[in-house]
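# With the sequence up front, the predicted model follows.
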Amino acid sequence: MATLQTLLALAVLIYVLCVIVQAVQEVFKSLLDSKASTMEKVIHDFMDDHLRLDQVKSALEARGLDIATLEHFSKDDFRQLLNGIQLAVPQIQGVLATANATEDQVKDHIAGVFDAARAEFQKSYTTRNKQWALVSSLSRQACRNL
């Protein structure tokens, strides 16, 4: 019985520590605004020729959302967001091989690209967080050695 209680106490302790570490990570992420800045970079890299970041931000703000919420958008959600964005003629031209593509066709294409952009965001965001964790670990180790 004592062994079972010890294992249970150990499991609860590990769970509590995991929750605390996760909370600290979320605080650092929000203070550094890493999610939003990574999403902005990915949108700029993937779509800036045909969809400007300020247009996306304006459409999100009109719905009371911020740029980081795009992480949870599906292709269809993003396509609905594009309905609130008026594209200029230069943005429409050159997106599709068809010279007389409609604005809806261009928005459908951009929404399709969003899936790739979201995947790139996940990859970039994870890499960036791993780099921060590594730097933090090395810093703590260096402080201990002093």
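In hand now; what should we look at?
# State the next helix or strand along the chain beyond the worst-scoring helix or strand of the chain on mean pLDDT.
Lowest on mean pLDDT, DSSP states H and E among the helices and strands of the chain sits helix 89-92, with a mean of 66. For helix 89-92, the following helix or strand on the C-terminal side (DSSP states H and E) is helix 103-145.
# which helices and strands does that next one pack with?
Judged by 3 or more CB pairs under 8 Å, 6 or more residues apart in numbering; DSSP states H and E, the packing partners of helix 103-145 are helix 2-32, helix 34-47, helix 75-82, helix 89-92. Yep, even glycine has a C-beta here, placed from its N, CA and C like the rest.
# For this protein, give me the ranges with low pLDDT.
47-49, 90-101, 136-146 (pLDDT under 70).
# Domains of this protein: list them as residue ranges, please.
As recorded under automatic domain parsing, the domains making up the chain are 1-32, 33-145.
# And Asn129, how far from Phe46?
20 Å (CB to CB, to the nearest Å).
# Over to Arg118?
9 Å.
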